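>>> Show me the folded form of this:
(one chain, ligands or ions: 1)
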Amino acid sequence: NAMKNWDDRGTTAEAIRAGMIDKLVYSVGKDPEHATLQDWSTALGLVVRDHVVDHWFRASHRSHEEKKKRVYYLSMEFLIGRLFNDAIANLQIEPAVQEALSTYGLELRDLLDQESDAALGNGGLGRLAACFLDSMSRLEIPAFGYGIRYEHGLFRQRFHDGWQIEEAEDWLVSGHVWEFERLEARYTIKFGGHISFDGQGNTKWHAEETVFAMAYDTPITGWQGKHVNTLRLWSSRPTEILDLRRFNSGDYLNAAEKMIRAETISRVLYPDDTTPEGKELRLKQEYFFTSASLQDLIRRYLTEHDDIRHLPDFVSIQMNDTHPAIAVAELMRLLTDEHRLSFVDAFDIVQKTLSYTNHTLLPEALERWHVGLFRKVLPRHMQIIEWIDFHHLAEVQSRNLAVSLEDVRIIGHGSEVRMGNLAFIGSKKVNGVSALHTELMKQTVFAEFHRLYPDRIVNETNGITPRRWLYECNPPLRKLLMETIGTDWIANLEKIDAAAAFATDASFKEKFAAAKHANKIRLAGVIEKKLGLRVDPTALFDVQIKRIHEYKRQFLNILETIALYQAIRRSPANDWTPRVKIFGGKAAPGYHVAKQIIKLANDVAKIVNSDPVVGDRLKVAFLPNYNVSLAEVIIPAADLSEQISTAGMEASGTGNMKLALNGALTIGTLDGANVEIGERVGPENIYIFGLTSEDVAEIRVKGYDSRATIEGDPVLSDVLRAIAEGDFSPDDPSRYHDLTDILYNSDYFLVTADFQSYFQRQRDVDHGFRDTSRWTERAILNTANVGWFSSDRTIRGYAADIWNVPSV
Ligand code: 26V
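Residues are numbered from 1 along each chain as shown. Okay, here's the model as predicted:
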């Protein structure tokens, strides 16, 4: 057995050391004397990768030989971050690696820091996809992630004078050792043109443009390497190379035009997660990766089975939001035009194979395409969608239920293709991502569909992988837990509840507090390095990290910061609880209000941080370029987790789970998964405030007078007066008139309505934190009681309720 020899190299320190030298010399092409940190990092990465590959091959062969049912997770985004430490952790070879490096006086940390983040996603949706890949490997579910290999991931954020500046991100430049180019896995993707029928049942799509989709595979190592799945990302390539005729006539730029146009499709990630861009390129990206993925999985299916009709028995496809919803029409096209099934038979297969996850109720985020654009780019799919829409409508009419027909049409008002409705109709199951969100789906956006298909909508509350979000990112706490309750929690996070018994154990408490303190010192170092700001690690670290959105209400947090600042200035002699307000997050480049909010936070920071009256009682730090790697440093250091969205608007949240697991107490609204976190940690270990989603729905109907609220609240009035008069922007006093106007005149997100209860709750936090011993107990109970939020539990739910596949 050829595989055996590979294994024999082993994972001893000596084997790793020897392997590293071998890779350094023969793969990187450097001798040890001249090697840079980057060279060493690549060499070690290649050694670790070899071990991953061994497990990977074994897993793939097993799945193939046993013809197992496969799960395909289609996602426009995978926010995976760094992979190096993740592989070392999952293979449990850190001690050997450390020892091997010490021979050369190298620090593992320094080598790990050479890796760039794979930021192929915007936020929650993309990071969830990455956690799911990890859990599918942990549960030994044979699965593929399918997405786009963006050459440039999410932009890098810099601050210039407090304003957000976006810079192109370039994760591939320093070499990415974790992927394998698959020259043989290449598919043709067509766009535009017209359709012809030959009268004998043959349909032909005469495309105007074609590109190739080329596969790049990244292994996703499960816990202890027991199973390894594949993330397959598609890169677009021209089908024709240089136009030599043009080149020879001296027309160099135009000679390359088609190549550039083809490569543009996978060039860059769309940096917005609020508003769908009505852009042709975005539609092409969606179709590009969906078509390549479906062609690829059908080819794999046909190597193991010969009847395409049994596809649903061996394949489940999950659509991560509507971005791959074109899969409904594309699978129809492949089954009918290419595999010669009837439309009715094909649709039956489609509906048994596909499922759809909804991640937001914000109506403006639901994808819709103009029929004209859609027909131009995907003429065959437009015909297929018209067929589905027609037959669906006929079926609904025949059932004689009192549903609004217009609401369940795919083609709305004859002019737009609604991807949410397409996804719903073409799916076996449709799921929401928290209990509240799923309930609201049933009552709002999909109400009519829910009446038609009462069994289709199911809930799968989100989760996070405990490997990355505790084991890897929080070594001090990991160590303490391993000493105290063993190691079961790493693969079975529910077992972390054993820590609850130690919540009042003096020695455990002391060590738990010490772990938190060590993490805070590390974060304080990062704050000082990045912002030149010194913060006191004994202060309360109050953290809000997430994309900047009005509904997430960073603005509310800033208003509270200003109110606290004013109160401290008024009575500096009071016994204040020292706080550091820590922010991180990016604004979509075209989202004006979100960018103003960033600038306001930075302006407030400047004034507060330099005010000698306030000193260490309050500091404000907005860390630039929040990403997965920065999250791994901030989360273990947090005392307080800000989850303060307008109730009913945050589908789930997953940062809330990561922070609670690492021992932060939550201050939050009854929104998304906060509700379920509260149920598990208990009311005394979470700070809930504000309007409920029912209150919000009622206010939206009745109307709300924010001006009256502001004028009735002297604290809030004073805060808004200070902002409006330019206290924080003396160089441009009217800078924030847009922001203050919103609060007075159109406070859609109800910031003013929740201000008072939020401010009050924050004072309860001040009080709670002063009882250091009690606070530590409550932090321990957060860690111990949120084991249910493991993405392993979530994936078990998908496997049982949606995919019908076994999991270990
Ligand atoms: C929409 C669009 C519109 C077209 C342009 C690009 C783009 C990209 C993303 C989105 C939808 C984003 C939805 C999203 O990220 N939802 C978040 O999903 C998390 C995982 O389920 C959840 O925890 C968050 O609450 C939810 O906001």
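>>> in this protein, which residue is closest to the centre?
Nearest to the mean C-alpha position of the chain, by Cα atoms, centre = their mean, lies R127 at 2.4 Å.
>>> Can you read off the pLDDT for that residue?
Looking at R127, its pLDDT stands at 98.
>>> got a list of what it touches?
L79, G121, V628, T654 (Cβ atoms under 8 Å, 6 or more residues apart in numbering). Where you see a C-beta, it was placed from the backbone N, CA and C, and this is true even at glycine.
>>> Tally up the residues packed near the second one, please.
G121: 26 surrounding residues under other Cβ atoms under 10 Å.
>>> What about it? Give its phi and psi, please.
Note on G121: backbone dihedrals following degrees, to the nearest 10 are phi -170, psi 160.
>>> and after the helix or strand containing the residue nearest to the centre of the chain, which helix or strand comes next?
Using DSSP states H and E, R127 maps to helix 124-138. Using DSSP H and E, the next helix or strand after helix 124-138 towards the C-terminus is strand 143-148.
>>> Give me the mean pLDDT for that next one.
The average pLDDT for strand 143-148 rounds to 98.
>>> Now do the buried residues in the helix or strand following that strand.
Heading C-terminal from strand 143-148, the first helix or strand you meet, by DSSP H and E, is strand 156-160. Within strand 156-160, the residues scored as buried using 16 or more other Cβ atoms under 10 Å are R156, Q157, F159.
>>> Hmm, the first one is touching E167, no?
What that stands for is R156. Yes: counting by Cβ atoms under 8 Å, E167 is a contact partner of R156 at 4.5 Å.
>>> Doesn't K619 lie inside a helix?
No: per DSSP: H, G, I helix; E, B strand; the rest coil, K619 lies outside any helix segment and is strand.
>>> What pLDDT is listed against whichever residue of the stretch 351-500 of the chain sits closest to the ligand?
Nearest to the ligand in the stretch 351-500 of the chain, going by Cβ to the nearest ligand atom, is H359, at a distance of 3.6 Å. pLDDT for H359: 98.
>>> burial count for it?
Neighbours of H359 under the rule other Cβ under 10 Å: 21.
>>> end to end, how far does stretch 658-665 reach?
11 Å (Cα to Cα, to the nearest Å).
>>> Then stretch 743-751?
Start-to-end, stretch 743-751 (Cα to Cα) is 7 Å.
>>> Also stretch 329-347?
One end of stretch 329-347 sits 9 Å from the other (Cα to Cα).
>>> Contacts for that stretch, please.
With contact meaning Cβ under 8 Å, 6+ apart, stretch 329-347 is reached by 201, 203, 205, 287, 290-291, 294-295, 298, 308-309, 317, 349-350, 353-354, 378, 380-381, 384-385, 387-388, 391, 422, 426.
>>> Out of those residues, which end up buried?
205, 287, 290-291, 294-295, 298, 308, 317, 349-350, 353-354, 378, 380-381, 384-385, 388, 422, 426.
>>> need the contact list for S316.
By Cβ under 8 Å, 6+ apart, the contact list for S316 reads K69, R70, V71, Y72, T353, S355, I802, W803, N804, V805.
>>> residues touching the fifth one, list them.
Just to be clear, that refers to T353. Shown in contact with T353 (Cβ under 8 Å, 6+ apart): L311, P312, V315, S316, I317, L331, K428.
>>> how about a cut-off of 7 Å?
Going by Cβ atoms under 7 Å, 6 or more residues apart in numbering, T353 touches L311, P312, V315, S316, I317, L331.
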